[in-house]
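*Asks:* Compute the structure for the input listed below.
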Amino acid sequence: MFLRFAAIVLFALLSVPAVASADWLFTPNVGTTFGNSTRGNEHLAYGASIGWMGSRFLGWEADLSYTPEFFEGNDSRFRFVDDANVTSWMINAVIGAPGGVRGGRFRPYVSGGIGVLQYRQQSADQLFDIDKNEFGVNLGAGATAFATDHVGFRGDVRYFNALRDPEPDNEFDVAFGPFGFWRGSVGLTFRW
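*Replies:* Residues are numbered from 1 along each chain as shown. This is a model prediction of the structure:
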């Protein structure tokens, strides 16, 4: 069901008519995870986003991020976990500061959306193997600063949280799950 929903959302977003004063943005990024489920073990996260931003204030983006060794501790003497990564796939609405797109050199924004949090954890001795895909949400803020008309820098901070069904009934009711974390990232943005 989620794949059908994601396909419909993606089709709708790609069907938005092109506007002369709108931009497509591609941002490969690198950063770190921290807080909540990281339990003080910050790890490298990398990924990319592609999105569209109008000249007024609305836009959208698809964000992909991968964090290897997410559940591993910083102490390498005790290695209980062999594979422990988290991947996030999110579709976000973006609200940016109004302004001309090509003329605007600095643009703060907030973003938020839904997607999938995929996490895998496997012990070094094959004692346990956890591989889960859960619906998730994210909310964040950041800014993009352009050095030229086509190249700039972006930095943002986002909070990610998995969703769970609090009641095993037939009603659609969701709540925040116990798995959540923050991600800070910086990237190089290409605009066309």
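*Asks:* Which residues are in contact with the spatially most central residue of the chain?
*Replies:* Among the residues of the chain, the one closest to the centroid is Asp63, at 4.6 Å (C-alpha atoms, centre = their mean). With contacts defined as C-beta atoms under 8 Å, 6 or more residues apart in numbering, Asp63 is in contact with Gly47, Ala48, Ser49, Ser88, Trp89, Met90, Ile91, Asn92, Gly113, Gly115, Asn138. The way it works is simple: take the backbone N, C-alpha and C, and place the C-beta from them, glycine included.
*Asks:* Quick one: distance of stretch 139-156 to the chain centre.
*Replies:* 15 Å (C-alpha atoms, centre = their mean, to the nearest Å).
*Asks:* on that earlier part again, does the residue nearest to the centre of the chain lie in a helix or a strand, and which?
*Replies:* Per DSSP states H and E, Asp63 falls inside strand 58-67.
*Asks:* If I take the helix or strand just after that strand and strand 58-67, what angle do their directions form?
*Replies:* Going down the chain from strand 58-67, the next helix or strand is strand 81-96, by DSSP H and E. With axes from the mean of the first three to the mean of the last three C-alpha atoms, to 10 degrees defining the directions, strand 81-96 sits at 170 degrees from strand 58-67.
*Asks:* which helices and strands sit right next to strand 81-96?
*Replies:* helix 2-14, strand 43-53, strand 58-67, strand 106-123, strand 129-146 (3 or more C-beta pairs under 8 Å, 6 or more residues apart in numbering; DSSP states H and E).
*Asks:* Pull up the pairing partners for the shortest one, direction included.
*Replies:* Spelled out, it's strand 58-67. Using DSSP bridges, strand 58-67 pairs in its sheet with strand 43-53 (antiparallel), strand 81-96 (antiparallel).
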